[in-house]
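**Student:** Just the structure for this:
(one chain, ligands or ions: 1)
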Amino acid sequence: MCAESIDKRPNGVWSILQCKCPRCRRGDMFQYKNPYDLKNFMKMNDHCPVCNQPLDMEPGFYYGTNMISYALAVLISAASLLAWWGLIGFSLKDNRFLWWIFVNAVLLIVIQPLLMRISRTVWLSFFVRYSPNWAEGDIIERYSVNKEQGNNW
Ligand SMILES: [Zn+2]
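**Tutor:** Okay, the predicted model is just below:
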């Protein structure tokens, strides 16, 4: 049973949505499960607890996640616009469009902690690909280490 679960390659999209390490797709990237624990939700593990992959590759590594977060927010807004159009519709004679803007803004604020976590997972998966040999210690080393600059981002 255990060997079978190691051989099986977890689904990439599902592991991103669950914020799993992209190297093994099994270990948690974040220390706390609850994304709405707003004091702790962005605290990351230094290494993957399962395969030991470093999760912060260099100082400022996650600076680029704002682009991912923005792209995801645009996609979600487009999807909510289509859903609103299909379910409620738009008209020039009432405020339904303004209501969509308001509801969409509230939606984006409510899911912001999830978006921030998923953006980091997507970003890391650009640089650290899944390895079927993760159990043999197949990791990607940090690009650079500068502990003094580590918390400046
Ligand atoms: Zn891992």
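**Student:** need the residues of the protein near the ion, please.
**Tutor:** Contact residues (Cβ under 5 Å from the ion) of the chain with the ion: 21, 23-24, 27, 48, 50-51, 53. The way it works is simple: take the backbone N, C-alpha and C, and place the C-beta from them, glycine included.
**Student:** Could you rerun that using 8 Å?
**Tutor:** Residues of the chain that fall close to the ion, judged by Cβ under 8 Å from the ion: 20-27, 48-53, 134, 139.
**Student:** Mind giving me the ChimeraX command for buried ones among those residues?
**Tutor:** Buried residues among these (16 or more other Cβ atoms under 10 Å), as a ChimeraX selection:
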select :20,21,22,23,24,25,26,27,48,49,50,51,53,134,139
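**Student:** Please identify which of the residues of the chain next to the ion is nearest to residue 109.
**Tutor:** Among those, residue 20 lies closest to residue 109 (Cβ to Cβ), at 25.5 Å.
**Student:** Next one, pLDDT for the closest one please.
**Tutor:** Reported pLDDT at residue 20 in the predicted model: 97.
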